[in-house]
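Chemist: Task: produce atomic coordinates for the following.
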Amino acid sequence: MTHQDILNQIEKNKDRWLNELIDLLKIPSISADPQYKQDVRRTAEKVKELLLKAGVDMAEICETKGHPVVYAEKMVSSDAPTVIVYGHYDVQPADPLDLWDSPPFEPVIKKTAIHPQGAIFARGACDDKGQTMMHIKALELMNHLNHLKCNIKFMIEGEEEVGSAHLGEWVKENKHRLKGDVILISDTSIIANDTPSIAVGLRGLCYMEVEVTGPNRDLHSGVYGGAVANPINILCKLIASCHDESNRITIPGFYDDVAELSEEERKELNKAPLDESEYKKDLDVQALWGEKGYTTIERTGIRPTLDVNGIWGGYTGEGAKTVLPSKAYAKISMRLVPNQKPEKIAQLFQQYFENTAPSCVKIKVKPHHGGEAYVVSTNSDAYRAASMAMEKTFGKKPIPKREGGSIPIVALFKKELGLDSILMGFGLDSDALHSPNEHYGVFNYFKGIETIPLFYEYFYQMKTKKRS
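Modeler: The predicted structure is shown next:
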């Protein structure tokens, strides 16, 4: 199998492979909302169908206490290296719908400045249906060329966007099926379409919800205002108190376990290209914001954060209603770095809110989900194979970089299976993940299909060379 063989197959199947992705994107597999449960199931069935069509030996829908896992295998030899492909078929809610330029589950291809070949606009286009589909199509390509040298196991879940709530349990119960050499994941980004990179670190996550209760019912703000505490005002003060004037998080003990990088490590990290003027222009902001003493790359890669993801209470409808609300709510996420444990951070967070809140309100803090940070070794055979594959297809050696996002299950894979993960994604940070108008470049989709077969080729060569 030559690189040109791969390119020929992509050209031959381009339209069909694009249309198959579009069909998958039409299904609203929103795992967080129970009303989409049947659509999530329908997506799992579709993924199974696509895997069988690509040439796996077997594929099945594996039940969990939540949404199912799609498991499949293509085994070529008991002596061959085994790669486990992880991805997810569930997507984030599409809200707010009025900010989409086109309906989120009616995919359209539009050209943009960053994507002159076009980009597919739809919820899940990049995160993670488009990137998961690359692996399915890469398998189909290798099968057609009769050049698959590694065993492949697929583990495609339906709950990543809600913290992989039941995948950990499924992994523990299926260790005997998940024996392998490495886990390959495409759910991350590259620096730019002309600057490839491989993620070598992910931040962890701790997601919390806060409920503040004041009076036992909504009150007239004229009659009671000034005499009764307003839960929204109290909640806003509590949230504001979580950061000091240097934008450092004030929760006692929050930084106790943070892994600090050396000056040399920080210098290497900042070698990754970042044009801050373009960064601000893309986001339409006048200035950047973050913890004092750290660069933008450091703030998004190696420093923990605390952000409000949603806040609500009182009257938010049309017109005016002079109400002093009974309750106020906020959803707050904290991105964690190596050594920080989500369970400990959740406890510290809860203690801070309970101890800081005034006695005129009641506080209820509820944890949602979380996961630990993860750092990838750049010295492994799998990392070198990924780097060589990307260098071949992009014409440049990829830059190792830390990602700001989280894939909570990755640390569990290491703990339960003893396997490292290679984070070889092809999206862009500007692809509006989790936001209105999410999209994925046509270039990126096919560049992934072009690169993945070469990863298997190089990984096989390295493993067999060591054995001989």
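
Chemist: Make sure I have this right: residue 152 is in a strand.
Modeler: Yes: under DSSP: H, G, I helix; E, B strand; the rest coil, residue 152 falls within a strand.

Chemist: Please tell me I have it right and it contacts residue 81.
Modeler: No: counting by Cβ atoms under 8 Å, residue 81 is not a contact partner of residue 152; they are 10.0 Å apart. Bear in mind the C-beta positions are built from the backbone N, C-alpha and C, glycine included.

Chemist: With neighbour numbers in mind, choose between the two.
Modeler: Comparing residue 152 with residue 81 by neighbour count (other Cβ atoms under 10 Å), the higher total belongs to residue 152, at 28 against 24.

Chemist: residue contacts, that one?
Modeler: Going by Cβ atoms under 8 Å, 6 or more residues apart in numbering, residue 152 touches 56, 73, 74, 82, 83, 84, 85, 139, 456.

Chemist: distance of it from residue 290?
Modeler: 40 Å (Cβ to Cβ, to the nearest Å).

Chemist: do residue 44 as well
Modeler: From residue 44 to residue 290 the distance is 39 Å (Cβ to Cβ).

Chemist: So for residue 198, what's the nearest residue that isn't a sequence neighbour?
Modeler: residue 398 (4.8 Å; Cβ to Cβ, 6 or more residues apart in numbering).

Chemist: make that residue 155, sorry
Modeler: Nearest to residue 155 is residue 86, by Cβ to Cβ, 6+ apart, at 5.1 Å.

Chemist: Mind pulling up the pLDDT for the one you found?
Modeler: For residue 86, the model assigns a pLDDT of 98.

Chemist: before we move on, what about residue 282?
Modeler: Note for residue 282: predicted pLDDT of 89.

Chemist: So for residue 44 and residue 290, which sits in the more crowded spot?
Modeler: residue 44 (23 against 15).

Chemist: can I assume that one is in contact with residue 61?
Modeler: Yes: between residue 44 and residue 61 there is a contact at 5.5 Å, judged by Cβ under 8 Å.

Chemist: which neighbours do those two share?
Modeler: 68, 70.

Chemist: Quickly run through the sheet partners of whichever strand or helix holds the residue nearest to residue 155, with directions.
Modeler: Residue 86 is part of strand 82-88, with elements assigned from DSSP states H and E. Neighbouring strands of strand 82-88 in its sheet, by DSSP bridges, are strand 151-157 (parallel), strand 182-185 (parallel).

Chemist: just checking, what packs against the helix or strand that comes right after it?
Modeler: The helix or strand immediately downstream of strand 82-88 is strand 108-110, counting by DSSP H and E. If you count contacts as 3 or more Cβ pairs under 8 Å, 6 or more residues apart in numbering; DSSP states H and E, strand 108-110 packs onto strand 119-121.

Chemist: List the neighbouring strands of the strand it packs on plus their orientation.
Modeler: Strand 119-121 is paired, per DSSP bridges, with strand 108-110 (antiparallel), strand 439-441 (antiparallel).

Chemist: Could you single out the most deeply buried of those strands?
Modeler: Highest mean neighbour count of the strands paired with strand 119-121: strand 439-441, a mean of 29 (counted as mean count of other Cβ atoms under 10 Å).

Chemist: Domains in this structure, by residue range?
Modeler: Here the domain parsing of the chain from automatic domain parsing is 3-202+373-467, 204-258+304-367.

Chemist: For residue 270, which of those domains is the nearest?
Modeler: domain 3-202+373-467 (10.5 Å; Cβ to Cβ).

Chemist: for that closest one, how far is the first residue from the last?
Modeler: From its first residue to its last, domain 3-202+373-467 covers 26 Å (Cα to Cα, to the nearest Å).

Chemist: likewise stretch 365-383?
Modeler: Taking Cα to Cα, the first and last residues of stretch 365-383 lie 41 Å apart.

Chemist: from the chain's centre, how far out does it sit?
Modeler: Stretch 365-383 sits 11 Å away from the centroid of its parent chain (Cα atoms, centre = their mean, to the nearest Å).

Chemist: Tell me the buried residues in it?
Modeler: Of all the residues in stretch 365-383, those buried under the rule 16 or more other Cβ atoms under 10 Å are 365, 367-374, 376, 380-383.

Chemist: Return the subset of those residues lying in helices.
Modeler: Secondary structure from DSSP state H places 381, 382, 383 of those in helices.

Chemist: Out of these, flag the one nearest to residue 40.
Modeler: Residue 40 lies nearest to residue 382 out of these, by Cβ to Cβ, at 30.7 Å.

Chemist: list the contacts for that closest one?
Modeler: Counted by Cβ under 8 Å, 6+ apart, residue 382 has contacts 181, 182, 184, 420, 422, 459.
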